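> everything below, folded, please.
(one chain, ligands or ions: 2)
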Amino acid sequence: MDYLSEIIALTVDSVLLGACVIKYLRNKNAITKIQAAPYLEIDKNLDKLVSKEPDKILPYVIIRGTVQPIGNPITSNNNPKVAGVLQLLTIKEHIVQRGATGYWSEHEKVIQKVQNVMPFVLESSKYSVEVIDPLAADVLDLDVISNVFTPTVPKVIDHIWGFFTGFRQRGVQTTEEMLRKGSIITGVGELVANENGKSLRLQPPRDGSPFYLTNMGIVSLAKKLDDNQRSYRLFCIIFGTLGIVIGSLMIRKYLINKSRKSDIERKRKELEISRKERRQKARGDEMSDSQLCVVCKANPREVILLPCGHVCLCEDCSDEILELCPICREVIEKRTAAYLS
Ligand SMILES: [Zn+2]
Ligand SMILES: [Zn+2]
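Ligands and ions are numbered 1, 2, ... in the order given. Below you'll find the predicted structure:
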């Protein structure tokens, strides 16, 4: 495979470029959607507004309110004063590992992830909207309640074990994140009237538009999306340029190879012509048996076989006979042109 490394590089580059383009387009779509989405106050008019819509659905809206649990909230494991509606517990193992190069490097591995969700609403001036499926949000801002790293104290046996296995635990990190009761968040999604016609719910949009539950205001969210847009565009340009460079290098290599091949072919043809001329000259001289190739008995002897030194073959037959000299049966190690005059 002449172009294996280039093909691998181009494939990796294309995958990255593709991922960037998808992210860029999705983000662009999100910006357009957010700009078009109406900001609605959670108040007494909201359910009437939704009821007027076909199927009682507003496909994409922005609302803002205070998080309030329906029923009992979840109490934080690490701080009994903190209550919330969504809790995320993550346990990560930090390990140091000896890589192929012999150096030790640090890695993180999630060992356990626990999610607890309570039903909750976004509330504003006594009116509220229930939030459905918050874990499906594309952006879900949570407060970090606790983040503790417990280092492992290695014993002698652990050091020895680590030396042989190339693997040692450095410690365990436990993180607790929560969506707190009482925090004010912006929700962007699909607003639907419940069957009873009295309450409303905010849920992930059915058309796949992004669902946001963020403590940012809508202006900050739009700015963040805009910043992302700029980074995605930059990455698209970088990977695109890289692809063009790799592609040009491949074309250059192909052209060089092609011209080298045609050079070889030209030389081969020249040799062929000169051989034909030589043979014609020799035929004109009426060759004796001792001048003719021992195999085809037609062409002059043109090749010397080494190490035995026999000049017994024409070039055509020499191409066919690869192993043993036809006169003395010695192994042919080398052959070269011989000119008998
Ligand atoms: Zn021959
Ligand atoms: Zn021989």
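
> how about low-confidence regions in the chain?
1, 197, 282-285, 341 (pLDDT under 70).

> now do the helices in it.
Taking DSSP state H, the helices of the chain run over residues 4-36, 46-52, 156-165, 218-284, 315-320.

> identify whichever of those lies nearest to ligand 2.
Proximity to ligand 2, assessed across the helices of the chain by Cβ to the ion, is greatest for helix 315-320 (12.4 Å). For glycine as for every other residue, the C-beta is placed from the backbone atoms N, C-alpha and C.

> with mean neighbour count as added columns, please give the helices of the chain in CSV.
Below are these laid out as CSV (neighbours: other Cβ atoms under 10 Å):
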stretch, mean neighbour count
helix 4-36, 15
helix 46-52, 16
helix 156-165, 11
helix 218-284, 13
helix 315-320, 16
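
> not counting its neighbours along the chain, what's nearest C296?
C317 (5.5 Å; Cβ to Cβ, 6 or more residues apart in numbering).

> then M178?
G84 (3.7 Å).

> what's the burial count for that neighbour?
27 (other Cβ atoms under 10 Å).

> that one contacts I185, correct?
No - using Cβ atoms under 8 Å, G84 makes no contact with I185, being 11.8 Å away.

> what touches both of these two?
67, 179 (Cβ atoms under 8 Å, 6 or more residues apart in numbering).

> can you pull the contacts of the residue nearest to M178?
Counted by Cβ under 8 Å, 6+ apart, G84 has contacts 67, 73-74, 76, 143, 178-181.

> any idea what G65 is bridged to?
I185 (DSSP bridges).

> quick one on the thing from earlier: hmm, which of the contacts of G84 are the buried ones?
By neighbour count, with 16 or more other Cβ atoms under 10 Å, the contacts of G84 hold 67, 73-74, 76, 178-181 as buried.

> near ligand 1, which residues of the chain are found?
For the chain, the contact set with ligand 1 under Cβ under 5 Å from the ion comprises 293, 295-296, 299, 314, 317.

> and those residues, which two are furthest apart?
V295 and N299 (9.1 Å; Cβ to Cβ).

> so the two - more neighbours on which side?
N299 (21 against 16).

> for the residue nearest to that one when sequence neighbours are not counted, what are its contacts?
Spatial nearest neighbour of N299, excluding adjacent residues (Cβ to Cβ, 6+ apart): C314 at 3.5 Å. For C314, the contacting residues are 293, 295-296, 298-303, by Cβ under 8 Å, 6+ apart.

> same thing with D133?
Applying Cβ under 8 Å, 6+ apart to D133 gives the contacts 203-204, 211.

> by neighbour count, which of those residues wins?
Counting by other Cβ under 10 Å, top hit in these: F211 with 23 neighbours.

> and the residue of the stretch 1-150 of the chain found nearest ligand 1, how far from ligand 2?
In the stretch 1-150 of the chain, the residue that lies nearest ligand 1 is D2 (35.3 Å; Cβ to the ion). Note on D2: its distance to ligand 2, by Cβ to the ion, to the nearest Å, is 39 Å.
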